[in-house]
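**Student:** here is the input, now give the coordinates:
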Amino acid sequence: MSETNPRTFTITHCLGRGGFGEVYRASMSSAGGLEADVAVKVLRRDIDPTGQAVQRLRDEGRLLARLNHPTILKVHDLVILEGRIALVTEFVDGEDLTDCVVGQHSISPRALLEVIGQVASALAAAWDTPLEEGTGTLQLVHRDIKPSNIRIGRHGEVKLLDFGIARTDSVEREARTSTNMMVGSPPYMAPERFLDGIIRPGSDVFSLGAALFEGVVHERLHGDRPIPMLASLAVDRENYEGHIVDRLGLLPDDFPEEFSDLLCDMLAWIPEDRPTSADLAARCELLADAVKGKSLARWCRDRNWGEVTVERGELEGRTISEGSMARAVQFAPTAESPQPVESRGPMGLVIALAAILLLGTAGTTVFVGGLGGAWGIGLFDGSATDEVAPEPPPVAEDLPEEADEPAPEETLAAAPAPEPVAPPVAAAPSPRVVVTEVESPEPAAAPTRHVAQDGDSVVVVELRGAAGTFMLPADVPYGSYDIIAKYNGRDPTDAGLLEVVADGEYTVWCNGRMFRCEIR
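**Tutor:** Down below sits the predicted model:
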């Protein structure tokens, strides 16, 4: 981009909004007169340019830029629009799979297998993408596969969205990570995701299996079971496998046996028993010919695509020239600036630890799903899951990246396995971060960013971040802070991440007997 000939973005309408920003549809014009329809994810004006939100957005853009596959959303650039960081991606006119598997004219089983196969091929490419150094492969795992993150275009194109919480150990990332934290959408998470933080490509295959089941049966794999029950299934193989057999009994009688076998393999309790992404893509292609219904291309041609639902946005109807990344400015919050919204996703329901503990397991926080915005590029509000709030209008779409390993539909917590269970080793307890906002006081009233401590007095808590170290209770500046807890004189423990992004009261609640803290 030339300083004297910047690109311009004509904003048409807002596609979705999350706690950290909005996603817009826009027309991008270059100095040479070329125009392209794009989706633009814009962070809020008051976001700290050096904070985790911006770092995660850059991480997402850089990861997407490395990937070259027709089913992976293409990223154009990271830009500055009126001092706000924005990620520009291709725009796909269509609907999310969530909307395509419901209603009288829902997607056919054959077309659904084609979609799942294409996404599996994209996951294989994300894992096998060569590193620039030529020393290996990217080994990228998406970690938030679900129907709302799979986009189907009107012309039959399929796009995998929301790499906001994708994870790889092969590439250095700007955003800091918190240990023993997990991200994803609980209804689609593999059993091992509740038990440890190991990155496995098989976890994405499981999530695709859950999406395939839902598209055919029109019910979620685990029905309406609450998160505590999902966690209890994760630690009990016999109970889990019996549950899967019962659910697969809901498949239509006229489906070929190979279809049931495929789902059974994808939903295996042991990750290594599941097919690889590449094998899955090949099996879906072969099986599609044996299943009834229209092909994906024909189904898309015949479908009556509805009008895109839009929201009101601050930038709507405006034409904006891009600025320089070198001059990114931090703006103070304004009355017009949308304020962060409370996370309403499954993470908000995080493994009702009380129920989990009754089962003999301890809890670890997991951030559910993604970015809570449209276009799968995430808006950090954790609305990615589905149990609580519907996702924003379907348009190439619940952000957070997770605190890498800390979120839409969202983010959740992993539970350590009980003694009898041999499989995965449970992660150490870690806090769930759910920030409750309060209306900002009048300018004259201060302080407005106060963090207090509650719970056992034997726990000492500090916040450590770029703005300094604060012993609770304390008034703190905006920013990202590591929560450091000291239980009964034990060595300090990293208890998670707190993002102070709005005026209000934040409370770190600690339980000295369970050795865990959470944000309230």
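**Student:** so Thr319 makes contact with Ile11?
**Tutor:** Yes: using C-beta atoms under 8 Å, Thr319 makes contact with Ile11 at a distance of 7.4 Å. (Glycine included, C-beta is placed from N, CA and C.)
**Student:** when these two are compared, which one has more neighbours?
**Tutor:** For Thr319 versus Ile11, neighbours defined as other C-beta atoms under 10 Å are more numerous around Ile11 (21 against 12).
**Student:** in the strand or helix carrying the more buried one, what counts as buried?
**Tutor:** Using DSSP states H and E, Ile11 falls within strand 8-18. By 16 or more other C-beta atoms under 10 Å, the buried positions in strand 8-18 come out as 8-9, 11-18.
**Student:** Asp144 contacts Leu161, doesn't it?
**Tutor:** No: using C-beta under 8 Å, Asp144 makes no contact with Leu161, being 9.2 Å away.
**Student:** which one's more surrounded, the two?
**Tutor:** Asp144 (38 against 28).
**Student:** looking at this, the more buried one is in a helix?
**Tutor:** No: in this structure, Asp144 is coil, not part of a helix, as judged by DSSP: H, G, I helix; E, B strand; the rest coil.
**Student:** for Leu463, see how far away it is.
**Tutor:** 28 Å (C-beta to C-beta, to the nearest Å).
**Student:** could you do Asp99 as well?
**Tutor:** 41 Å.
**Student:** these two: who's more crowded?
**Tutor:** Leu463 (23 against 19).
**Student:** not counting sequence-adjacent ones, nearest residue to the more buried one?
**Tutor:** Tyr481 (3.9 Å; C-beta to C-beta, 6 or more residues apart in numbering).
**Student:** to which secondary structure element is the one you found assigned?
**Tutor:** strand 479-487.
**Student:** output that strand as PDB, nothing but the C-alphas.
**Tutor:** Provided in PDB are the C-alpha atoms of strand 479-487 (Å, rounded to 0.1, in the frame of the first residue of the first chain):
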ATOM      1  CA  GLY A 479      -4.700  -4.200  29.400                       C
ATOM      2  CA  SER A 480      -4.000  -7.900  29.700                       C
ATOM      3  CA  TYR A 481      -2.900  -9.400  33.000                       C
ATOM      4  CA  ASP A 482      -1.600 -12.800  34.100                       C
ATOM      5  CA  ILE A 483      -3.400 -13.900  37.300                       C
ATOM      6  CA  ILE A 484      -0.800 -15.200  39.800                       C
ATOM      7  CA  ALA A 485      -2.200 -17.000  42.800                       C
ATOM      8  CA  LYS A 486      -0.300 -18.100  45.900                       C
ATOM      9  CA  TYR A 487      -2.100 -20.800  47.800                       C
END
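**Student:** average pLDDT for that strand?
**Tutor:** Averaging pLDDT along strand 479-487 gives 79.
**Student:** that one pairs with which strands, parallel or anti?
**Tutor:** strand 459-465 (antiparallel), strand 493-500 (antiparallel) (DSSP bridges).
**Student:** mean pLDDT added to the ones you listed, as CSV?
**Tutor:** What follows is the strands paired with strand 479-487, written out as CSV (pLDDT from 0 to 100):
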stretch, mean pLDDT
strand 459-465, 81
strand 493-500, 76
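**Student:** elements contacting the strand holding Ile11?
**Tutor:** Contacts defined by 3 or more C-beta pairs under 8 Å, 6 or more residues apart in numbering; DSSP states H and E place strand 8-18 against strand 21-29, strand 35-43, strand 319-323.
**Student:** the inter-axis angle of it versus strand 35-43?
**Tutor:** Counting by axes from the mean of the first three to the mean of the last three C-alpha atoms, to 10 degrees, strand 8-18 points 40 degrees away from the direction of strand 35-43.
**Student:** tell me the angle of strand 8-18 relative to strand 319-323?
**Tutor:** Going by the same axes, to 10 degrees, strand 8-18 makes 90 degrees with strand 319-323.
**Student:** picking up where we left off before, most tightly packed of the strands paired with strand 479-487?
**Tutor:** strand 493-500 (a mean of 24; mean count of other C-beta atoms under 10 Å).
**Student:** any idea which helix or strand comes after that strand?
**Tutor:** According to DSSP H and E, the helix or strand after strand 493-500 is strand 504-511.
**Student:** give me the mean pLDDT for that following strand.
**Tutor:** Strand 504-511 comes out at a mean pLDDT of 78.
**Student:** for that strand, buried residues please.
**Tutor:** 504, 506-510.
**Student:** same check on stretch 235-253?
**Tutor:** Neighbour count says stretch 235-253 has 235-236, 240, 243-244, 247-248 buried, by 16+ other C-beta under 10 Å.
**Student:** out of those, who's nearest Ser203?
**Tutor:** Tyr240 (14.7 Å; C-beta to C-beta).
**Student:** tell me which element the closest one is part of?
**Tutor:** With DSSP H and E as the criterion, the answer for Tyr240 is helix 237-248.
**Student:** and that helix, what does it pack onto?
**Tutor:** Helix 237-248 packs on helix 201-217, helix 227-234, helix 257-266, going by 3+ C-beta pairs under 8 Å, 6+ apart.
**Student:** and those helices: which comes nearest Phe470?
**Tutor:** helix 227-234 (31.7 Å).
**Student:** show me what that closest one is packed up against.
**Tutor:** Applying 3+ C-beta pairs under 8 Å, 6+ apart, we find helix 227-234 packed against helix 237-248, helix 353-358.
**Student:** and the last one, average pLDDT?
**Tutor:** Averaged across helix 353-358, pLDDT comes to 31.
**Student:** and Pro477, how many neighbours?
**Tutor:** Neighbours of Pro477 (other C-beta under 10 Å): 13.
**Student:** whoops, Val92 was the one
**Tutor:** 25.
**Student:** so it sits against Gly156, correct?
**Tutor:** No: if you go by C-beta under 8 Å, Val92 and Gly156 don't touch, sitting 11.1 Å apart.
**Student:** what is the helix ranked longest in the chain packed up against?
**Tutor:** What stands out as the longest helix in the chain, according to DSSP state H, is helix 109-128. Here helix 109-128 touches strand 150-153, strand 158-160, helix 201-217, helix 277-288, helix 296-302, going by 3+ C-beta pairs under 8 Å, 6+ apart.
**Student:** export it to CSV, keeping only CA atoms.
**Tutor:** Output in CSV follows, covering the C-alpha atoms of helix 109-128 (Å, rounded to 0.1, in the frame of the first residue of the first chain):
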residue,chain,number,x,y,z
PRO,A,109,-27.0,-36.1,3.1
ARG,A,110,-24.9,-36.4,-0.1
ALA,A,111,-24.2,-32.7,-0.2
LEU,A,112,-23.4,-32.7,3.5
LEU,A,113,-20.8,-35.5,3.0
GLU,A,114,-19.2,-33.3,0.2
VAL,A,115,-19.0,-30.4,2.6
ILE,A,116,-17.5,-32.5,5.4
GLY,A,117,-15.0,-34.0,3.0
GLN,A,118,-13.9,-30.5,1.7
VAL,A,119,-13.4,-29.3,5.3
ALA,A,120,-11.4,-32.4,6.1
SER,A,121,-9.2,-31.7,3.1
ALA,A,122,-8.7,-28.2,4.4
LEU,A,123,-7.7,-29.5,7.8
ALA,A,124,-5.2,-31.8,6.2
ALA,A,125,-3.7,-28.9,4.3
ALA,A,126,-3.5,-26.8,7.5
TRP,A,127,-1.6,-29.7,9.2
ASP,A,128,0.7,-30.4,6.3
